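> Dropping a prediction and its sequence here:
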Amino acid sequence: MKNLLPLFLIALLFLSKPLLSQTQVSGGIYANTTWTLAQSPYLLTNNLVVFPGATLTIQPGVEVRVKSNLSSGNPFYIEARGTINMVGLPNANITFKSETEPTKIGAWTGFIIKNSQGGALNYNYVNISNAIKCFDYDASLPDSIKINQCSFKYNFYAVVVGLNLKAENCTFTQNENAVYGWSRFEFNNCLFDSNRVALSLYASLLMLNNCVISHNNMGITLASSSMEGISLKYCLFEDNIVAFDNANSGSIDSCTFIRNQEAIKNTYYLKIRNSNFSQNTTALQLGFGTEVMECAIFDNGTGVALGPISFGQPAPNIKNNKICYNQLYNIDNRTDLNLFVPTNCFCISDSIEMENKIFDGYDDITKGLISYDVFDTTCTNVLAVRNKTGEPTSLGENSELVTTAVYPNPFQTQIIIENNHNYHSFQLMSIAGKTLITGELKANDNAIPTENLEAGTYLLWLRGLEGQGKCFKLIRN
C-alpha cells in the first residue's frame, strides 16, 4: 500500500496537468497586454473587456478556450473598446473555441467591437468556433475585410461583411450562416461545407475561383442584382439542397455541379459555359437572358427547365450542349413560349424516346412548343430539324459537337484523356484543392500515370488557350 500511494499521486499529477497549465483570463484589460504562446492555452472564465487606450496582442499559435455559461443564458464574450490584435501566421493560426462543447453553435457570444468608442479588432490566420456571431460591431461594419487561411466552424454568423471581403484558402464548415453581407466579394481556394447557408449576399460583385461548395442546405443565394456581375470559375458544387439561387448578371465557367437537389435556379442575364451537371434532381432552371453553351448535362432528373419568363423578356439561348440520359426530361418547358434549342445533342436516335424526354405543349396545352435539332448518337452530325411551329429555323453556324472523354473511372495506374476539344493543359487536384500533377495535352489520347496516388477522390481540370475549361471528378480505387 505504501508503494502504491506515490504512484497514485504521480498519476493524479499528470491527469491534472492540462487543467493546471491553462492560463485563466477574464475581467478588464486596462494596459497593453500580450497573450503569449508559452502561456497558451488560455481559458476565458468570464467576460473580458479591453478598455480604451489599451491593446491586447495575441501571439500566433495561441489557443483560447471559452468556458460554458449557457445555463445562465449569458454566454461569455470578448469586447474591444480599445484594440485587439490577433494576427497569426500561415502555420500558426490563433484559435478560439468552446472548452467543452466543440459542436455547439452559440456556446459563447464571440467578439463585440465597440467601434463607436474607438474599438478595433485586427485579425487574420484565425480559427473561430462555437460563437453566436464571430464579430459583432456596434456601429458600422469595416469597409474592407481581407482574410487568409482562416477557419470558421459551428458559428451562427461566421463573417458579416459591410462593403468588401477577400478570402483566400479559408474554410467555412457547419455554420448556420457562413458569410452574409453587402457589395463586393472575392473567394479563392475556399471550402464551404455543411453550412445551413454558405453565402447569403446582397452582392454587386461576386467572384469565386477554385472553390468547393458542398453539403449545404443553401450554397449561394443572391438577394439582389449583381450590378458588377458574378464570375465563378473552376468551382465544385456537390450534394447541396440548392447550389446557386438567383444567379444573375455574369458568368459561370468550367464548374461542376453534382448530386445537388437543385443545381442552378432562377437565373437571368447569366452565361454558363464549359460546365458539367450530373446526378442533380434539376440541373438548370433558366430565366430570361440566360445562355448555356458547351456544357455536359448528364444523368440528372431534369436537365434543363425553362422559365418562368414573361412576355417581352429575352428567351434563354441554349446551344452546343450535350443534354443526355436525364431520367425525367432533357428539356422541360415551363413557359407558354415557343422556343428553338438548336445544336444540342440528346444522345438519342429514337424519335419517340426523344419526344418523351421533352415536356412542352404536346404534353400540356398551357406550355409552348420546343423545336430542336436531331443529332446522331455520336453527337457529330445533325440529321434533321424538328420544327414544331412551322417557323423558319436553321442549323446555325455550329452544327457539330466535339467532346472530351476521360477514362477509366474509377482509375488505378493511369488516366486516359481523349482530347478532342483542343485543351492544352491539365491539372489533377485532391478534393481539398492541392495540386498533384500538371502537364500539357496533345491532341487525341493522353496517358497520365497515377500509380503513386492513394485511394480517394480527385478533380481533373482541363484548360484551353482561350480560358475555357472542364472539370471531371475521378475516383482512385
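Arrived safely.

> where does the stretch 251-400 of the chain dip in pLDDT?
Within the stretch 251-400 of the chain, the ranges that satisfy pLDDT under 70 run 390-400.

> try it again with 50
Within the stretch 251-400 of the chain, the stretches with pLDDT under 50 are 392-400.

> How is the protein divided into domains?
Segmentation of the chain into domains, based on automatic domain parsing, reads 19-140, 405-476.

> quick one, which of these is packed in tightest?
domain 19-140 (a mean of 18; mean count of other CB atoms under 10 Å). Using the backbone N, CA and C atoms, a C-beta is placed for each residue, glycine as well.

> contacting residues for the residue nearest in space to the middle of the chain?
With distances taken as CA atoms, centre = their mean, Ile213 lies nearest the centre of the chain, 2.5 Å away. Residues in contact with Ile213, defined by CB atoms under 8 Å, 6 or more residues apart in numbering, are 192, 198-199, 219-220, 235-238, 240, 243.

> Next up, phi/psi of Leu436, please.
Note on Leu436: its backbone torsions stand at phi -110, psi -40 [degrees, to the nearest 10].

> Am I right that it is in contact with Tyr458?
Yes: here Leu436 reaches Tyr458: they are 7.4 Å apart, a contact under CB atoms under 8 Å.

> give me the beta-bridge partners of the residue nearest to the centre of the chain?
On DSSP bridges, the residues paired with Ile213 through beta bridges are Phe192, Phe237.

> What pLDDT is listed against it?
Note on Ile213: pLDDT of 98.

> Make residue 1 into 20 and carry on from there
Sure, I'll start numbering at 20, so the last one becomes Ile232.

> Would you check how far apart it and Tyr199 are?
15 Å (CB to CB, to the nearest Å).

> and the closest residue to Cys343 other than its chain neighbours, how many neighbours does it have?
In this structure, Cys343 finds its nearest non-sequential neighbour in Cys366, 3.5 Å apart by CB to CB, 6 or more residues apart in numbering. A total of 18 residues lie near Cys366 under the criterion other CB atoms under 10 Å.

> picking up where we left off before, quick one, which of the contacts of Ile232 are buried?
Neighbour counting with 16 or more other CB atoms under 10 Å marks 211, 217-218, 238-239, 254-257, 259, 262 as buried within these.

> what are the bridge partners for Thr301, then?
Where Thr301 sits in a bridge, its partners, by DSSP bridges, are Glu281, Thr321.

> for it, what are its contacts?
Thr301 neighbours (CB under 8 Å, 6+ apart): 280-282, 284, 319-321, 324.

> let's see it at 10 Å
By CB atoms under 10 Å, 6 or more residues apart in numbering, the contact set of Thr301 is 261, 279-284, 319-324, 345, 347-348, 351.

> on that earlier part again, which of the domains of the chain comes out lowest on mean pLDDT?
Looking at these, the bottom one is domain 424-495 with a mean of 83.

> OK, contacts around the closest residue to Ala474 other than its chain neighbours?
Closest residue to Ala474 apart from its sequence neighbours, by CB to CB, 6+ apart: Arg495 at 5.2 Å. Taking CB under 10 Å, 6+ apart as the contact definition, Arg495 lies against 428-432, 434, 469-470, 472-477.

> From Asn471, how far off is Arg495?
10 Å.

> about what we covered before: secondary structure for the contacts of Arg495 - can I get that in JSON lines?
Below are these laid out as JSON lines (DSSP: H, G, I helix; E, B strand; the rest coil):
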{"residue": "Asn428", "secondary structure": "coil"}
{"residue": "Pro429", "secondary structure": "coil"}
{"residue": "Phe430", "secondary structure": "strand"}
{"residue": "Gln431", "secondary structure": "coil"}
{"residue": "Thr432", "secondary structure": "coil"}
{"residue": "Ile434", "secondary structure": "strand"}
{"residue": "Thr469", "secondary structure": "coil"}
{"residue": "Glu470", "secondary structure": "coil"}
{"residue": "Leu472", "secondary structure": "coil"}
{"residue": "Glu473", "secondary structure": "coil"}
{"residue": "Ala474", "secondary structure": "coil"}
{"residue": "Gly475", "secondary structure": "strand"}
{"residue": "Thr476", "secondary structure": "strand"}
{"residue": "Tyr477", "secondary structure": "strand"}
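
> wait, which of the residues you listed is closest to Glu372?
Closest to Glu372 out of the contacts of Arg495 is Asn428 (26.0 Å), distances taken as CB to CB.

> that older thread, which one of the domains of the chain lies closest to Thr408?
Across the domains of the chain, closest to Thr408 is domain 424-495 (CB to CB), at 32.9 Å.

> joint contacts of Arg495 and Asn471?
Joint contacts of Arg495 and Asn471 (CB under 10 Å, 6+ apart) are Thr432.

> just curious, which of the contacts of Ile232 is nearest to Leu56?
Nearest to Leu56 among the contacts of Ile232, with distances taken as CB to CB, is Phe211, at 30.1 Å.

> right, and the closest one touches Ile239 too?
Yes: counting by CB atoms under 10 Å, Phe211 does reach Ile239; the two are 8.6 Å apart.
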